[in-house]
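[1] Structural data only, the sequence is not supplied:
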C-alpha cells in the first residue's frame, strides 16, 4: 500500500508542477483549492494506513473504525468534488 501511495504522490506532484502551475499561473483560487485537495489527500492516506496497519498507537482508530471510515469517505468525496470543480473551472475568467 505504501508503494502505491508514494507512486500516486509522485505522479500527482509531477502533474501539478509540470502541467497545472504553468496553465493556471496567477489563479490564486485554483492553487488554494489544489492545496486543500492535497491536504485532504494526506488525511485520506493517513487514515487508510492507520486503519489497516498494526501499530498500537492507532488501535483506538481501529476500534472506532465505523466512524473513521465515514470520515475517510467524506474526505474522499470532498477530494472528488474539488477535483471536479477544478476540472470545469476556466482560466482566465471570462
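    Okay, I see it. Just so we're clear, the structure is a prediction, and the values are computed from it rather than from any experiment. Residues are numbered from 1 along each chain as shown.
[2] got the contact list for the spatially most central residue of the chain?
    The centroid of the chain falls nearest to residue 41 when counting by Cα atoms, centre = their mean (2.0 Å). Residues near residue 41 by Cβ atoms under 8 Å, 6 or more residues apart in numbering: 12, 79. For every residue, glycine as well, the C-beta is placed using N, CA and C.
[3] could we number from 31 for the rest of this?
    Sounds good: first residue 31 from here, last item residue 71.
[4] what secondary structure does it sit in?
    Recorded secondary structure, residue 71: helix (DSSP: H, G, I helix; E, B strand; the rest coil).
[5] Under the pLDDT cut-off, which ranges of this protein? List them.
    31, 123-124 (pLDDT under 70).
[6] Let me see the ranges of the helices in it.
    32-45, 51-53, 58-82, 89-93, 95-118 (DSSP state H).
[7] Just say which of these is most tucked in.
    Counting by mean count of other Cβ atoms under 10 Å, helix 58-82 has the highest mean neighbour count of the helices of the chain, with a mean of 15.
[8] Please work out the angle formed by the directions of it and helix 32-45.
    Per axes from the mean of the first three to the mean of the last three Cα atoms, to 10 degrees, the angle that helix 58-82 makes with helix 32-45 is 180 degrees.
[9] Distance of residue 114 relative to residue 67?
    11 Å (Cβ to Cβ, to the nearest Å).
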